[in-house]
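S.K.: Here is a sequence together with a model predicted from it:
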Amino acid sequence: MDHLLGDHDRGVRRHELDAPPAALGHPADVVAGQPDAGTAGHRPAYSSGEHDGKGQLRAILDGFGERFGKYVLNLSAHSHNYERTKPQAHVVHVTAGIGGGPLATAPTACKWADCKAPPWVAFRAIHHGFVKLTVRAEGITLEAVCAGASPAEDSLRCSDGEVMDHALIAAGG
């Protein structure tokens, strides 16, 4: 995936839903035979964390996913948690606001505002860490790695360096 088209936040504010954001580039620019493409931006399109996903951004990125088979991954932050979706319009969305600032928790037993995850969630956690991506011919391997335990905030227990989530995002067509 040597095509990471970013910052989609500015595009959402400046463009119509069906127009490609200028700051984002366009998934159609990734031609056959080249690696898969992804986007990165600050706000999540899908999130069950303290900052809900943005509907307008979701519509744009889902539209790209429906039209461009090589577009397979969207990275974001803003919500201070980790969340990976099941493919939405064949795009996996990852929110990884877990780099070291205070984590966002709710006063519930599970630490999430709603303990029942939305149906589009594949995995979610509240724990400091980082995301590692490895690009291979068969797709992109994603690992969310634990770091810096905060027992009062964490929704799961894991040791520094332990993988808390792992997924293979299949190569697009």
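M.R.: Looks like it came in fine. Please read all numbers here as calculations on a predicted model, not as lab measurements. Numbering: from 1, shown residues only.
S.K.: show me the contacts for the nearest residue to K70 once chain neighbours are set aside.
M.R.: Spatially, and ignoring its direct neighbours in sequence, K70 is nearest to G172 (4.2 Å; Cβ to Cβ, 6 or more residues apart in numbering). From N, CA and C alone the C-beta is placed, and that goes for glycine too. Contacts were defined as Cβ atoms under 8 Å, 6 or more residues apart in numbering; by that measure G172 touches D36, A37, F68, G69, K70, Y71, V72, H90.
S.K.: Could you identify the most distant pair in those?
M.R.: A37 and H90 (12.1 Å; Cβ to Cβ).
S.K.: Overlap in contacts, those two.
M.R.: Y71, V72, G172.
S.K.: Just give me the closest of these to D160.
M.R.: Set against D160, the nearest of these by Cβ to Cβ is V72 (29.3 Å).
S.K.: quick one on the thing from earlier: tell me which of A37 and H90 has more neighbours.
M.R.: The neighbour count for A37 versus H90, taken as other Cβ atoms under 10 Å, is higher for A37 (25 against 16).
S.K.: Good, wrapping up.
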